[in-house]
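In: Predicted model and sequence below, questions to follow.
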Amino acid sequence: MYHAVATDPNEATRALSVTPEAFAEQMAVLADRGLGPVTTAELAARWRSGRPLPDRPVLITFDDGYEGVHRHALPALAKHGFPATLFVSTGWLRGPYDTGGGLDTMLDWDQVRELAAQGVEIGGHSHSHPQLDQVSDATLRFELIHCKEIVSDQLGTVPASFAYPYGYSSRRVRQAVRETGWAQALAVGNGLARRAQGPYALRRLTVRRSTGIEEFERVVEGRAIARTFAGDRALTKGYAVVRRVRQARRLVARSGG
């Protein structure tokens, strides 16, 4: 899971960014080790149908929709003939639906269309990038449906794959994602994706600015995953408790209790 690919990102995106040079080196590692990148839609379709996956399959995904995905990541992907999946927050992209919430320089729709034409699957990442497990049912459905409608309108094809903003979901959120027509969805979890996770809770591993090439190689080989992401998992579990308490308080407040 990538976010920004940038030489000089701002402070809001720096920690979860990678340099163009690091991204190119990481793609070379995948190529050298004979990994077979697939899109999210292809992975889910093959798991549903029972068709075999390529040897050593891997997903290359980008969240949010930063401009560097087009400027820096696309040439590196094209060099190796790698497909990828980009999950866009439609209200963050430059253009007619821009709400001004983007954290750094974002893609515009012409760039998104070019990415799609070059073999990048375009998925949804909500409209305004909220914590979906903290919003009302009406807001949740708006975020899911409006995002899908905008992508469909701009690209002429209905997106099939979704990624939860911040990686947060709940049974209610996953049910809404399914009911609004998304065929599969990705979380974070910082673990390897497994078929047993089901199509609406597939895990990903975070690649960030501090990820050195040796660490990246270990992760790609599936080694020391638990140790590498132990801190991330502890923070995720702790914040999950905080979010559940906040949600319970909101429900009590709405009910007048």
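Out: Perfect, I can see it now.
In: Which parts of the stretch 51-200 of the chain are helices?
Out: Per DSSP state H, counting those that start in this stretch, the stretch 51-200 of the chain carries helices over the ranges 68, 74-80, 109-117, 137-155, 171-179.
In: Nearest to residue 131 among the ones you listed would be which one?
Out: Taking CB to CB, helix 171-179 is the member of these nearest to residue 131, at 9.6 Å. For the C-beta atoms, the positions are set from N, CA and C on the backbone; glycine is no exception.
In: Reformat the helices of the stretch 51-200 of the chain as JSON lines; add mean neighbour count, mean pLDDT and distance to residue 199.
Out: Output for these, formatted as JSON lines (neighbours: other CB atoms under 10 Å; pLDDT from 0 to 100; distance: least, CB to CB, whole Å):
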{"stretch": "helix 68", "mean neighbour count": "26", "mean pLDDT": "98", "distance to residue 199": "29"}
{"stretch": "helix 74-80", "mean neighbour count": "16", "mean pLDDT": "98", "distance to residue 199": "24"}
{"stretch": "helix 109-117", "mean neighbour count": "17", "mean pLDDT": "98", "distance to residue 199": "22"}
{"stretch": "helix 137-155", "mean neighbour count": "18", "mean pLDDT": "98", "distance to residue 199": "15"}
{"stretch": "helix 171-179", "mean neighbour count": "16", "mean pLDDT": "98", "distance to residue 199": "8"}
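In: Let's have those in a markdown table, adding distance to residue 26.
Out: Formatted as a markdown table, the helices of the stretch 51-200 of the chain follow (distance: least, CB to CB, whole Å):
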| stretch | distance to residue 26 |
| --- | --- |
| helix 68 | 14 |
| helix 74-80 | 8 |
| helix 109-117 | 18 |
| helix 137-155 | 27 |
| helix 171-179 | 29 |
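In: looking at the ones you listed, which is closest to residue 94?
Out: For residue 94, the closest of those is helix 109-117, at 7.7 Å, according to CB to CB.
In: got the angle between the closest one and helix 137-155?
Out: If you take axes from the mean of the first three to the mean of the last three CA atoms, to 10 degrees, helix 109-117 sits at 80 degrees to helix 137-155.
In: the strands in the stretch 101-250 of the chain, which residues?
Out: Using DSSP state E, counting those that start in this stretch, the strands of the stretch 101-250 of the chain run over 120-124, 161-163, 184-189, 202-204.
In: Kind regards, and thank you for your time.
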